[in-house]
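Visitor: Dropping a prediction and its sequence here:
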Amino acid sequence: MKVEIYDALMRRQASRRDLLRGTASAAALLGLSGAMGGIAGTAFAADDLRAQILQIPGVGKGSPTDADWQKVGELCLGPTKANVKQGEFAGVELTFMGLNNQNLHNFLFRGFLKPWEAYTGAKINWIDLAQADYNARLQQSIATGTVDFDILEMGAPFEGDTAGRGLLDEMPDWAAKQVEADDLVSYLKPPVGTWDGKTYRVTIDGDCHTFAYRKDYFGEGSISGMAEPPKTWQDVNAASKALIGKTDPLTGQPAYGYLDPLKGWGGFGFYFIENRATAYAKYPGDPAWLFDPENMKPLVNNPAWVQAIQDVLDLIAAKAYPADQINADPGTTAFSQFLAGTGAMLMWWGDVGSSARTSDTSVVGDVVGFGINRGSNRVYNRKSGQWEDKYNEAPNMAYLGWGIYVTKRVSSDEKKRKAAWSAAAHLGGKDLSLWTSAYPSGFQPYRQSHFNYDEWEKAGYDRAYIKDYLGSNADSYNHPNAAIEPRIPGIFQYYSVAEDELAKGFAGQYKSAQETADAIAAAWEKITDQIGRDSQLKLYRTSLGL
Amino acid sequence: MSTVEGDLLHTVEAGSISASRRFWGRSALWLSAIWFMASFVLQAVHELGWTDWGFANWRPVLYAYFIWAAVLCVTRVVIYGEAGKKALFVLPAALFVVSMVVFPLLFALWIGFSDWNLASSAGRRFNGLDNVRRMIADPFYANALLNMILYCLAIAVEYAIAFGLALLLNQEIIARKFWRVTFLVPLMLSPVAVSWMVGKSMLETRFGPIARLARWLGWENPSFFGDPLTARLSIMIMDAWTFIPFMMIMLLAGLQALSREVLEAAEVDGATKWQRFWQVIFPLMLPVSVTAVMIRIIFKLKLADIIITVTSGGPGGATDSVTSFIYREYRDRSNVGYGTLLALVYLVIIVVGMTGLMKISDRIVKRMTGRL
């Protein structure tokens, strides 16, 4: 595409959005007699851009490379150009701290922001962190007052630790307009991304755990003996046990059922026991499932959670996992195992669906199916203290999505501040986000506009697959009994301690599931006391809407 | 260097310093010292929660220390003249040691008796002996200590292998230089690289060649890091693989420095190969051996990188060394206070243990070499 045509398209696209945005746009539309034709034309241009970036590199044409990321970043520069003059940030240097696991996140940001740097004149220095190191590094920076980064990739659970301590810069209105925040799915709208009524984040990800399974393991005559994929966690365990000693139909290697990550991952590993626990513990109509909202007592050792832990212990005892599963973290289960053809079932963040079809390392793209978190045929009612025999499901909204935040370090320098927010807004742009949803990025669909099946089909996905994959995300987001994570300070300390104790329990260091759960609960009580029970309780209740 | 008359830093003989000059010098010194001590005490009681008075952090105390140190330097000359000037040469080094060693140690001690959670806006809170009680009752810390003993005992095997290799490479074998370099390669790799090469690749359960070999030999589901025993052994092997060359090269240097006359005399006296080794070479090599083993123990006591990379202390803390355990207390659990106490206790264990070990080894060396 010629540069002048590209720039013209970008200008028209920006004007269309400006026109459609505020109330003034209606008057503008009515006042311009020839506007309709123009809108149709620019709408086409926007669609053309979206279709164009989805062809980079094209589904089934190998994993995207740095050159692809740069190309996408270049093509999505339009909204930046509408707000920033060329070379406006010359001389500005920004430090960006983010994740670099599985060659995703920061690696992509580098590519996306390279054309942004070339256009604006700003320079970005990178702090890359492995997933297992991320929480500790951030927590230590906060606690020791050594915040040495201007832009931060962070999840909403940390907003209590950062925004709550006045470490973040409030998002300017122009940035909110540029990223078209209204397009976010409902559960990511405020209060997520806000603190005390102020907005601090550009959302770049959704985050909910969805169920992925191998279709070739289920159906008539399949090796699992099950006609349908499991609907409940009880079924998941039954299928996993039934597969012991069988051979994988795709790879010829030993067949395995569900892939629990039994090793911690800097706190992120706790989400995976949550997946099982929410089905048992998240009672419809009761938002609390981690702590008692009356006194902040942990619920993690109630019968529902103990059952979740017991489920895993049962599979360990039955030798239903791959041999070295005790050392498998969530990154291993998703990328080294499931996508590489080991295991029939997996819970992971939604992006495993796009990776299955567009990553070079995936061999399961043709046989993978999706659904929401599995349910349970009984649910524990913490108020009555009784199990109730009824079907219950509760998708786990694990982590509330990654976002880009700007720290207070730039607040006193308007040029630097604008540069930081411009970079954040570029990464959170509507069109760019469509690409990250469709390709391996570490991010999953999180905008309403991501659920347009036609666009995905044009990228090379087949409709049945995309309906299945996107449906699992949409159904999770919109589920009435979704388990929402609380935004309270120190949440990842709770998780880190928990996964540490779980690892001990799974390795047989504790006598039972109950003892493991009690160890977690005791550690959580200590953390709550250390941080301050009253303040934690208040924030927890607020996060539950109580 | 010319000096100006009346300048306070004008260096004169101690006897000719005026009383007023001494008075102002001592006043400045005492004032700065009192200021420093007062700010220290104030901050200490503030941190203990005994008073609301105090600073937000220890920075003002640090500034007071720097000012006292600067005044101390200047007033040495002001009060003592030429004699003070001599002391001035030592003072910067002394102050540096206090700043870089004594202060951090005191600060660590302070933190070690606090309940510091990084997410807590209250920061550090003194909690008396809670951390000590917790350490004593912590079975996973005890397990880490036990592991350290096991890991250190493995040095005996490492030493035997290293000695064997050193003896071999001390012979006139074919391509001796090539073998020497080859055996040194593991030492040139970082332990993290070794962890990936050996732990994550060679011993990988599904596709690792050693796992395949184990399967071929009849081990149905080999999991080198899934079982506490094999996981510990695997860690020991990786660590040994990395550091045996270090011991080997030290022992080889020792062997080459041995007196040829003594060895030849033994040969002439009709000593067998074994007798020559056990009664001559081994005792003569003891000083080098002790040094090599001691350095190796010091390395071993710091063992963490391989464990963190390969098992993260797992399964369930089974392979934790004390260092990796402390690291995880800090990093994953943000238990800064508890972690610091463990680090300090470990320091004491190492200092006491190493001192005792050195005394014992010294006695053994004297006894064995005394026979020669």
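Guide: Perfect, I can see it now. Everything numeric here is computed off the predicted structure, so don't read it as measured data.
Visitor: What sits closest to residue 281 if chain neighbours are left out?
Guide: By default, I'm working from chain A. residue A:304 (3.6 Å; CB to CB, 6 or more residues apart in numbering or on different chains). Where you see a C-beta, it was placed from the backbone N, CA and C, and this is true even at glycine.
Visitor: I was after chain B.
Guide: residue B:258 (6.8 Å).
Visitor: can you count the residues close to the residue of the stretch 51-200 of chain A found nearest chain B?
Guide: Going by CB to the nearest CB, chain B is nearest to residue A:143 of the stretch 51-200 of chain A, at 3.7 Å. Neighbour count of residue A:143, defined by other CB atoms under 10 Å in any protein chain shown: 20.
Visitor: Which secondary structure state does it sit in?
Guide: helix (DSSP: H, G, I helix; E, B strand; the rest coil).
Visitor: thinking again about what came up before, what residues does the residue nearest to residue B:281 make contact with?
Guide: Applying CB atoms under 8 Å, 6 or more residues apart in numbering or on different chains to residue B:258 gives the contacts B:281, B:284, B:285.
Visitor: Same check on residue A:166?
Guide: residue A:408.
Visitor: distance of it from residue A:200?
Guide: The gap separating residue A:166 from residue A:200 is 11 Å, by CB to CB, to the nearest Å.
Visitor: try residue B:66
Guide: Counting by CB to CB, the gap from residue B:66 to residue A:200 is 38 Å.
Visitor: Tell me which of those two has more neighbours.
Guide: The residue with more neighbours, out of residue B:66 and residue A:200, is residue A:200; 23 against 14, by other CB under 10 Å.
Visitor: Just the pLDDT at residue B:220, thanks.
Guide: pLDDT, residue B:220: 80.
Visitor: Correct me if wrong, but it is in a strand.
Guide: No. Residue B:220 is assigned coil when assessed by three-state DSSP, not a strand.
Visitor: Can you get me a residue count around it?
Guide: Counted with other CB under 10 Å, residue B:220 comes out at 8.
Visitor: and the gap between it and chain A?
Guide: Residue B:220 sits 9 Å away from chain A, going by CB to the nearest CB, to the nearest Å.
Visitor: Check residue B:276 too.
Guide: Applying CB to the nearest CB to residue B:276 and chain A gives a distance of 48 Å.
Visitor: Would you mind measuring from the residue nearest to residue B:281 to residue B:287?
Guide: 11 Å.
Visitor: Find the nearest non-adjacent residue to residue A:479, please.
Guide: Residue A:479 sits nearest to residue A:395 (CB to CB, 6+ apart), 4.8 Å away.
Visitor: Kindly list the main-chain dihedrals of that neighbour?
Guide: phi -60, psi 140 (degrees, to the nearest 10).
Visitor: That one contacts residue A:372, correct?
Guide: Yes. The criterion here is CB atoms under 8 Å, and residue A:395 meets it with residue A:372 at 4.9 Å.
Visitor: who's more crowded, these two?
Guide: Applying other CB under 10 Å to residue A:395 and residue A:372 shows that residue A:395 carries more neighbours, namely 29 against 23.
Visitor: Please list all residues in contact with that one.
Guide: Neighbours of residue A:395 in contact, by CB under 8 Å, 6+ apart: A:208-210, A:278, A:372-373, A:475-477, A:479, A:481-483.
Visitor: ok, it to residue A:208 distance?
Guide: 6 Å.
Visitor: And the nearest residue to residue A:194 once chain neighbours are set aside, how close does it get to residue A:167?
Guide: Spatially, and ignoring its direct neighbours in sequence, residue A:194 is nearest to residue A:200 (6.7 Å; CB to CB, 6+ apart). Between residue A:200 and residue A:167 the distance is 10 Å, computed by CB to CB.
Visitor: same thing with residue B:299?
Guide: Relative to residue A:167, and taking CB to CB, residue B:299 is found at 40 Å.
Visitor: still on that earlier bit, who touches both of residue A:395 and residue A:208?
Guide: A:476, A:477, A:482.
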